[in-house]
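A.B. asks: Sharing a model that was predicted from the sequence below.
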Amino acid sequence: MNHQDLINACREDWHAYTQHEFVQQLARGVLAQPAYLHYLKQDFLFLKQYARAYALAIYKADSLADMRKALPTVQALLNSEVNYHVTYCAKWGLTESDLEAEAEDFGTVAYTRYVLDAGMRGDIIDLYAALAPCAIGYAEIGRHLVADENTKLEANPFLDWIQLYSGEDFQQSAAQGIERLDELLAEVNLHSQRGRNLVEVFRTATRMKIAFWQQGLDAIPAVI
Ligand SMILES: Cc1ncc(C[n+]2csc(CCO)c2C)c(N)n1
């Protein structure tokens with residue numbers, strides 16, 4: 001099996017994740033600021049947990065070669081991606097202490113701790129299957145948004161976000177992650193018990209990613 005089998009096995013959830021209302025409003029440039037600020041703060045907390053999960057990939061690897069394969073991502077996350085995020089958040093008026101002081105929302109805890117649990121109780125393939133919706137989903141969203149005529153590519157306050165995820169660097173790192181996952185999945189039969197379990201891990205992770213978007217929209221104050 002490969003990563004496309006995982007997506008095909010949970011089409012509806014995948015669609016709900018990659019075409020979420022949060023993403024559509026962002027693409028049209030109409031997303032309410034409180035939703036985006038909440039998302040940015042939660043994404044900082046997400047990135048820290050994501051780095052822990054990649055560190056777990058080193059722990060779960062069977063060989064020195066596989067341990068080494070996970071290291072560049074841990075390094076990139078801790079040294080560049082978190083820093084880039086902090087710098088980007090400053091443009092939206094959020095300081096690093098605002099980010100550190102933020103409490104984790106339900107969707108953030110649900111997704112990140114689910115990944116860690118799937119990885120801890122399972123093996124490295126379970127861990128990568130739980131991480132996969134992030135890189136695969138964001139890369140797909142980035143590509144779709146730039147190709148979609150409904151996306152506002154001028155005077156859109158979220159253009160940097162769209163450019164980051166549609167850009168060459170992110171697309172390439174996602175492609176590498178997919179290649180790594182496919183190497184590992186090649187030894188699994190989709191219709192075996194193992195294959196079905198991996199689909200369930202991927203499906204649950206995808207459902208948690210939907211909740212992550214939704215918590216952004218839920219942060220918009222109700223008009224009374
Ligand atoms: C909730 C959430 N999911 C995915 C990304 C995209 N992303 C940014 S850095 C990184 C790690 C590998 O480079 C990934 C997957 C995000 N920012 N927030």
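C.D. replies: Good, I have the coordinates.
A.B. asks: so which strand or helix has the residue in the chain positioned nearest to the ligand?
C.D. replies: Residue of the chain nearest the ligand, by CB to the nearest ligand atom: Cys134 (3.7 Å). For every residue, glycine as well, the C-beta is placed using N, CA and C. Under the criterion of DSSP states H and E, Cys134 resides in helix 124-147.
A.B. asks: So what angle separates the directions of the helix or strand following that helix and helix 124-147?
C.D. replies: Downstream of helix 124-147, the first helix or strand assigned by DSSP H and E is helix 159-166. Following axes from the mean of the first three to the mean of the last three CA atoms, to 10 degrees, one obtains 130 degrees for the angle between helix 159-166 and helix 124-147.
A.B. asks: and helix 159-166, what other elements does it pack with?
C.D. replies: Secondary-structure packing of helix 159-166 (3 or more CB pairs under 8 Å, 6 or more residues apart in numbering; DSSP states H and E): helix 21-28, helix 124-147.
A.B. asks: ok, and for the shortest one, which residues are buried?
C.D. replies: Of the residues in helix 21-28, those buried by neighbour count under the rule 16 or more other CB atoms under 10 Å are 22-23, 25-27.
A.B. asks: quick one: the helix or strand where Ile210 lies to helix 21-28, angle?
C.D. replies: Assigned by DSSP H and E, Ile210 belongs to helix 193-218. On the basis of the same axes, to 10 degrees, helix 193-218 is oriented at 60 degrees to helix 21-28.
A.B. asks: Next one: helix 193-218, is it in contact with the ligand?
C.D. replies: Yes - under the criterion of CB under 6 Å from any ligand atom, the ligand is reached by helix 193-218 at Phe212.
A.B. asks: and that helix, how far from the chain's centre?
C.D. replies: 11 Å (CA atoms, centre = their mean, to the nearest Å).
A.B. asks: again, but for stretch 189-201
C.D. replies: Stretch 189-201 sits 21 Å away from the centroid of its parent chain (CA atoms, centre = their mean).
A.B. asks: Keeping just the C-alphas, turn that stretch into PDB.
C.D. replies: Taking Å, rounded to 0.1, in the frame of the first residue of the first chain, the C-alpha atoms of stretch 189-201 are listed here in PDB:
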ATOM      1  CA  ASN A 189      -0.900  -5.100   2.400                       C
ATOM      2  CA  LEU A 190      -3.800  -2.600   2.500                       C
ATOM      3  CA  HIS A 191      -6.300  -5.400   3.200                       C
ATOM      4  CA  SER A 192      -4.300  -7.000   6.000                       C
ATOM      5  CA  GLN A 193      -5.200  -6.300   9.700                       C
ATOM      6  CA  ARG A 194      -2.100  -4.100   9.800                       C
ATOM      7  CA  GLY A 195      -3.200  -2.200   6.700                       C
ATOM      8  CA  ARG A 196      -6.700  -1.600   8.200                       C
ATOM      9  CA  ASN A 197      -5.200  -0.400  11.400                       C
ATOM     10  CA  LEU A 198      -3.000   2.100   9.600                       C
ATOM     11  CA  VAL A 199      -6.100   3.400   7.700                       C
ATOM     12  CA  GLU A 200      -7.800   3.900  11.100                       C
ATOM     13  CA  VAL A 201      -4.800   5.800  12.500                       C
END
